[in-house]
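A.B. asks: the following comprises the amino acid sequence and a computationally predicted model.
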Amino acid sequence: MGVTVNGERDILGIWAGDGQEGARFWLQVFTELKNRGVEDVLIAVCDGLKGLPEAINTTWEQTVVQQCIVHLIRNSFRYAGRQHRDAIVRSLKPVYTAPSEQAAKDRFEEFAAEWGGRYPAIVQLWKNSWAEFVPFLEYDVEIRRVICTTNAIESINARYRRAVRARGHFPNEAAALKCLYLVTRSLDPTGGGRARWVMRWKPALNAFAITFAGRFEKTTHE
């Protein structure tokens, strides 16, 4: 799913994989998108899929790859006891809301000191994801609001799953993709959802225009 500089969201494509998607698979996907006219991508938000960041930067060298903050927090919960999750979220919030990377590092050291002994895997998870996490801290709060999560595409994926379960099975891959295509076409039949999103996009639009000056104007004019 992509968002244009005008704030219009669109499903750029649906691909079927075999569960072993890696850099090569994603490179084929992004090459297709580029050949279809996606000349530049300012920020790509992803949830840690293997090979995805490498494929993005191979296709669009200037793209900033941003780790989904919500996914990072959810992944942290895999290693934490349920009774400690609320406390962990409170301890992590100063990290991902920090005004700068240095401030985030300082807060993360405090988090590691508090929870590292009990949950070292969480500390290691954030260290491994740090390179894809820190770009988030460089942006205005309005940009942070639109790139902190991949929930928009997850909502669509949830509808896809419901449609697939309702059907039960498909004779072939093409039949399954046609089902998903029909679901996509029915997502916003009146256009009301798109209109509301575009209105909320205006503050972020101003921040993007300043942050990506030059590239942003080129994309707008073309």
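C.D. replies: Now that the structure is in, tell me what you want to look at.
A.B. asks: now stretch 179-191 - C-alpha only, CSV.
C.D. replies: Listed next in CSV are the C-alpha coordinates belonging to stretch 179-191 (Å, rounded to 0.1, in the frame of the first residue of the first chain):
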residue,chain,number,x,y,z
CYS,A,179,-11.1,-12.8,-4.5
LEU,A,180,-8.7,-10.4,-2.9
TYR,A,181,-9.0,-8.1,-5.8
LEU,A,182,-12.8,-7.9,-5.3
VAL,A,183,-12.3,-7.3,-1.6
THR,A,184,-9.9,-4.4,-2.5
ARG,A,185,-12.5,-2.9,-4.8
SER,A,186,-15.1,-2.9,-2.1
LEU,A,187,-13.0,-1.3,0.6
ASP,A,188,-14.2,2.3,0.2
PRO,A,189,-17.1,2.3,-2.3
THR,A,190,-18.3,5.9,-1.5
GLY,A,191,-14.8,7.5,-1.2
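A.B. asks: mean confidence score for that stretch?
C.D. replies: Taken as a whole, stretch 179-191 carries a mean pLDDT of 84.
A.B. asks: ok, residues contacting that stretch?
C.D. replies: I11, I14, I156, R159, Y160, A163, V164, R167, F170, G193, R194 (C-beta atoms under 8 Å, 6 or more residues apart in numbering). (Glycine included, C-beta is placed from N, CA and C.)
A.B. asks: how far away from the center of its chain is stretch 30-43?
C.D. replies: 16 Å (C-alpha atoms, centre = their mean, to the nearest Å).
A.B. asks: between the two ends of that stretch, how far is it?
C.D. replies: 14 Å (C-alpha to C-alpha, to the nearest Å).
A.B. asks: what does stretch 137-145 give?
C.D. replies: 11 Å.
A.B. asks: just the CA trace of the helix ranked longest in the chain, in CSV.
C.D. replies: In the chain, taking DSSP state H as the definition, the longest helix is helix 192-211. Listed next in CSV are the C-alpha coordinates belonging to helix 192-211 (Å, rounded to 0.1, in the frame of the first residue of the first chain):
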residue,chain,number,x,y,z
GLY,A,192,-15.6,8.8,2.2
GLY,A,193,-12.7,7.1,3.9
ARG,A,194,-10.3,8.5,1.3
ALA,A,195,-11.7,12.0,1.8
ARG,A,196,-11.2,11.9,5.6
TRP,A,197,-7.7,10.6,5.2
VAL,A,198,-6.7,13.4,2.8
MET,A,199,-8.0,16.0,5.3
ARG,A,200,-5.9,14.4,8.1
TRP,A,201,-2.9,14.3,5.8
LYS,A,202,-2.5,18.1,5.5
PRO,A,203,-0.3,18.7,8.6
ALA,A,204,2.0,15.8,7.5
LEU,A,205,2.0,17.1,4.0
ASN,A,206,3.6,20.4,5.1
ALA,A,207,6.2,18.6,7.2
PHE,A,208,7.1,16.3,4.3
ALA,A,209,7.4,19.2,1.9
ILE,A,210,10.1,20.8,4.2
THR,A,211,11.9,17.6,5.2
